[in-house]
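Undergrad: no sequence on this one, just coordinates:
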């Protein structure tokens, strides 16, 4: 494989992580890191998810997830409920406070993307989304997601 292709992809990745603030200690001027925000996203969109499902979805270490969930519980962002069918299984739910925290993060993310796209003409925005979808399509069809 050509070294220049690898170098170009890595350079783009470094540039883009800086553009969207992934290297910041906290995401979108919140108190949450990127992994915490992603976990909140999954909890918000998958009511009653189990910890094992989160580790599978995000490829996150079980111990790291456990520490994050303990922190969320201390902040009263989540509650855990035992399954009626199997007492060994716990389902995780966002509390009203947790839902509000996610919604605030989500709105900040929307505002960030709107700010990035605002200077672009409509045609360039559509082209950008098309190319992003092409990147996903190529990687999914020929590599690993």
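TA: Arrived safely, thanks for sending. Remember, it's a predicted structure, so these values are computed and weren't measured experimentally.
Undergrad: Can you name the residues bridging to residue 92?
TA: residue 49, residue 80 (DSSP bridges).
Undergrad: can I assume it is in contact with residue 46?
TA: No. The criterion here is CB atoms under 8 Å, and residue 92 misses it with residue 46 at 9.0 Å. C-beta here means a position set from N, CA and C on the backbone, and glycine is covered the same way.
Undergrad: So between these two, which is more surrounded?
TA: Applying other CB atoms under 10 Å to residue 92 and residue 46 shows that residue 92 carries more neighbours, namely 23 against 15.
Undergrad: Return the residues in contact with that one.
TA: 43, 48, 49, 50, 51, 54, 69, 78, 79, 80 (CB atoms under 8 Å, 6 or more residues apart in numbering).
Undergrad: Can you give me the pLDDT of it?
TA: On pLDDT, residue 92 comes in at 97.
Undergrad: any idea how far it lies from residue 104?
TA: As defined by CB to CB, to the nearest Å, residue 92 lies at a distance of 20 Å from residue 104.
Undergrad: what mean pLDDT does stretch 22-42 have?
TA: Stretch 22-42 carries an average pLDDT of 86.
Undergrad: And it, end to end?
TA: End-to-end span of stretch 22-42 (CA to CA, to the nearest Å): 18 Å.
Undergrad: outside of it, which residues touch it?
TA: In this structure, residues lying in contact with stretch 22-42 by CB under 8 Å, 6+ apart are 17, 21, 49, 54, 57-58, 60, 64-65, 68-69, 71-72, 77, 94, 98, 101-102, 104-106, 108-109, 112.
Undergrad: The same query, at a cut-off of 6 Å, please.
TA: For stretch 22-42, the external contacting residues (CB atoms under 6 Å, 6 or more residues apart in numbering) are 17, 54, 58, 68, 102, 105, 108.
Undergrad: In TSV: the residues you listed, plus secondary structure and neighbour count.
TA: Output for the contacts of stretch 22-42, formatted as TSV (DSSP: H, G, I helix; E, B strand; the rest coil; neighbours: other CB atoms under 10 Å):
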residue	secondary structure	neighbour count
17	helix	13
54	helix	21
58	helix	15
68	helix	20
102	helix	21
105	helix	21
108	helix	14
